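>>> give me a model of this one.
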Amino acid sequence: MDGFSAAFDFALKAHGGSTRKGTNIPYIVHPLDVASILLKNGAPGPVVVAGFLHDVVEDTDTPLSAISEAFGEEVGRLVAGASEPEELKRDPDKKGTWRARKAHTVDHIRAASREQKMLSCADKLANISDMLRDRAAAGEGFWSKFNATKEDQAWYYRSMHAALGAGPESVADLPMHAELRDCIRRLFG
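Residues are numbered from 1 along each chain as shown. Predicted coordinates:
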């Protein structure tokens, strides 16, 4: 549990009063979900700390150096691996670069370390669980809040699931990988 409360506090301050896309749910709920999934799947402490912090660099003005300084180089590398490259994030509405950004993520994860795959799997599982909940509440119209179609989202989640289970660093042995597969089937058929 080393660093967990400090990572939570850091993420809470960084995300401020922001909410999850298209909801009134405080953003901090997502990093809490990711950290919880990681803990339940036996992730090492630095991966759980990165779970709290994984969206800070991508979604706030916080530089990666602040994460590395506060939580160490290993956590910094994990957070960097969970963040889209700056050159792919330049499209203000993110629609024009969506496919390129997601293809980059899939390629990166296919060759990533087990720890990076654990972090990504927990993030994707938390996201798709929220999507299932949102669809149950709002119906198929909930897809309109995304920068990509349902079909593109299906491609991305299926591709990520395959990449997470690929190679010697696979996380296919972890319950969260099977849970992700089940959620993908429920959401996309």
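
>>> every contact and neighbour count from this point should use C-alpha atoms.
Fine.

>>> could you look up the SS state of the residue nearest to the spatial centre of the chain?
Nearest to the mean C-alpha position of the chain, by CA atoms, centre = their mean, lies residue 123 at 3.1 Å. Using DSSP: H, G, I helix; E, B strand; the rest coil, the structure places residue 123 in helix.

>>> for residue 32, see how far away it is.
Distance from residue 123 to residue 32, counting by CA to CA, to the nearest Å: 10 Å.

>>> now for those two: what residues contact both?
The contact sets of residue 123 and residue 32 overlap at residue 51 (CA atoms under 8 Å, 6 or more residues apart in numbering).

>>> that older thread, per-residue confidence at the residue nearest to the centre of the chain?
Listed pLDDT for residue 123 reads 98.

>>> burial measure for the closest residue to residue 17 other than its chain neighbours, as a count.
Nearest residue to residue 17 in three dimensions, chain neighbours excluded: residue 26, at 6.7 Å (CA to CA, 6 or more residues apart in numbering). Residue 26 has 15 neighbouring residues, counting by other CA atoms under 10 Å.

>>> relative to residue 102, how far out is residue 153?
The gap separating residue 153 from residue 102 is 10 Å, by CA to CA.

>>> scratch that, residue 74 is what I was asking about
The spacing between residue 74 and residue 102, counted by CA to CA, is 24 Å.

>>> which one's more surrounded, these two?
residue 102 (20 against 14).

>>> verify the contact between that one and residue 156 for me.
Yes. Using CA atoms under 8 Å, residue 102 is in contact with residue 156, at 6.7 Å.

>>> burial of residue 119, as a residue count?
Close neighbours of residue 119, defined as other CA under 10 Å, add up to 26.
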